[in-house]
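J.: Just to be clear, the model below is a prediction. Sequence and coordinates:
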Amino acid sequence: MSAILARIGWTPTFPQGRLGGSCVQPSKYDGSLSASSYVSFEVLPPRTSGRVSRGSGPSMTLPVNPDVSLADPSGVRAWLGEQVARFVASHDAKLTADTQERVRAELLRADATDLGRLLQRMTNTGTDWEYQESDILARRLSHALGRLVFEPGSALEGTDHLRIAERESVTFLVNHLSFADANVLECFLAFAGFESVAGRLTVLVGPKVYTDPLRRLMSLCFGAIKTPQSATLATGEAVMSKRAIATAAASTLRHFEARRAAGDHLLIFVEGSRSRTASMQAALPAVSRYIENPDAVLVPVGLTGSEELVPIGDERVHPTRVTATVGPPLRAAELWRHANSKRRLLMDVVGLKIAALVPPSYRGVYGDAVGGLEEARAVAAEL
């Protein structure tokens, strides 16, 4: 890894040859010095007994231009600008050009340290179950892109309910429409004058966030804690054994509570995975473990439009009108008391609170005509 980074003019020091607690090993390099060369890395799990089992981690391919050197900042900035531009819809030439211009302006503000740190983190972030802090350059790039793709009418609504977040840690409970949802909320908070909240945002993210370099880049726009998906929701590289899920979940919960104690604002997508129909799925009972702290302040948020911002199956950014509506906060202790500590009931109440913030077409299993939610509706009305 050091040899590859040396080709771009920056060689970090990794204690005992390890990178972020995990081993990142080059598995293929063709020796070419062309601008389109690629290096494939195999991400191996952390050492636990002095031995690493090859092939047990997911693989990723990161485009690396060996001709780029940090001695040539303009070359580095051009390369990074191209990577971000790949994230926008290629059929929109003006958007692509505008993105490159905005990104180039942000990259001109970055020094060699900022550039080198971002390049490193685009390869190693998410290789373990540790907390990952945000990166200031990644945030600036995300904000530049957001200002281009959020169409007129995009807004953060219900901002009066955010005032409590200026005084204490809150936990945002949100519906899930696209893998850019956390970026949308982070941008909206920053754009609406809540930088102190956006800058302390920590998001629970699934393993798939770290399987692609551009997704990794987007994940660096906020603090992140990787969480395993349940066996019923996981696919592909996110599939884990029940034992591994339990171990990882315990680590996730530990980091989650540590970030709350540190004053971060937490964000949880209560459905556990993106909706493929743009309508709400049932909130997962397992999410309730993250809101057991009786003093936790819970803030429901309803997103709309982001399913078109980054469509499933395309996963490039398209200019779209997006809204995030913030609901009234409530204390976890009150929620647990009214739900009689029944996890399924409690999470259905949360689902109804979020559904009340979005149009009927987005409410899905929490729609007004859906049966079987009478008790949950009664509890929601009391809160």
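T.: That came through fine.
J.: Please tell me how far Val358 sits from Asp295.
T.: Using CB to CB, to the nearest Å, Val358 is found at 28 Å from Asp295. Backbone N, C-alpha and C define where each C-beta goes, glycine included.
J.: The closest residue to Gly367 other than its chain neighbours: how many residues sit nearby?
T.: Beyond its immediate neighbours in the sequence, the residue positioned closest to Gly367 (CB to CB, 6 or more residues apart in numbering) is Pro360, lying 6.5 Å away. Neighbourhood size, Pro360 [other CB atoms under 10 Å]: 11.
J.: now the one 10 residues further on
T.: Other residues lying near Val370 total 13 when counted by other CB under 10 Å.
J.: quick one: pLDDT of it?
T.: Per-residue confidence for Val370 comes out at a pLDDT of 97.
J.: contacting residues around it?
T.: Shown in contact with Val370 (CB atoms under 8 Å, 6 or more residues apart in numbering): no residues.
J.: Shouldn't it be within a helix?
T.: No - the assignment for Val370, made by DSSP: H, G, I helix; E, B strand; the rest coil, is coil rather than a helix.
J.: what's it sitting at in phi/psi?
T.: Note on Val370: its backbone torsions stand at phi -80, psi 130 [degrees, to the nearest 10].
J.: hmm, back to that, so Val358 and Asp295 - more neighbours on which side?
T.: When Val358 and Asp295 are compared for neighbours, Val358 comes out ahead with 23 against 10, by other CB under 10 Å.
J.: Find the nearest non-adjacent residue to that one, please.
T.: The shortest distance from Val358 to any residue that is not its chain neighbour, by CB to CB, 6+ apart, is 4.0 Å, and that residue is Gly302.
J.: okay, the residue nearest to Gly367: pLDDT?
T.: For Pro360, the model assigns a pLDDT of 98.
J.: mind pulling up the phi and psi values for the residue nearest to Arg109 when sequence neighbours are not counted?
T.: On the basis of CB to CB, 6+ apart, the spatially nearest residue to Arg109 that is not a chain neighbour turns out to be Arg140, at 7.4 Å. The phi and psi values for Arg140, taken as degrees, to the nearest 10, are phi -60, psi -40.
J.: you'd agree Arg140 is up against Glu106?
T.: Yes - Arg140 is in contact with Glu106 according to CB atoms under 8 Å; the separation is 4.8 Å.
J.: Quickly find the element holding Asn183.
T.: Assigning secondary structure by DSSP states H and E places Asn183 in helix 181-191.
J.: That helix: how far from the chain's middle?
T.: In terms of CA atoms, centre = their mean, to the nearest Å, the centre of helix 181-191 is set 11 Å apart from its chain centre.
J.: I'd like to know how many residues surround Arg331.
T.: What Arg331 shows, counting by other CB under 10 Å, is a neighbour count of 15.
J.: show me the contacts for Arg102.
T.: Arg102 makes contacts with Ala144, Leu145, Arg147, Leu148, as judged by CB under 8 Å, 6+ apart.
J.: returning to that earlier point: could you report the pLDDT at the residue nearest to Arg109?
T.: For Arg140, the model assigns a pLDDT of 95.
J.: I'd like the distance between it and Leu220.
T.: In this structure, Arg140 and Leu220 are separated by 11 Å, where distance is defined by CB to CB.
J.: which one of those two has more residues nearby?
T.: When neighbours are counted by other CB under 10 Å, Leu220 comes out ahead of the other of Arg140 and Leu220, with 25 against 19.
J.: hang on, isn't the more buried one packed against Thr123?
T.: No - taking CB under 8 Å as the contact criterion, Leu220 and Thr123 are not neighbours in contact, 11.7 Å apart.
J.: ok, how many other residues are close to Arg121?
T.: Using other CB under 10 Å as the criterion, Arg121 is surrounded by 20 other residues.
J.: What helices and strands are in contact with the host helix or strand of it?
T.: Element membership for Arg121, per DSSP H and E: helix 112-124. Using 3 or more CB pairs under 8 Å, 6 or more residues apart in numbering; DSSP states H and E as the contact test, the elements touching helix 112-124 are helix 2-7, strand 59-63, helix 73-85, helix 136-149, helix 213-219.
J.: To Asp92, which of the ones you listed lies closest?
T.: Nearest of the helices and strands packed on helix 112-124 to Asp92, taken as CB to CB: helix 136-149 at 9.8 Å.
J.: Tell me how far that closest one lies from the chain's centre.
T.: Put simply, helix 136-149 sits 14 Å off its chain's centre (CA atoms, centre = their mean).
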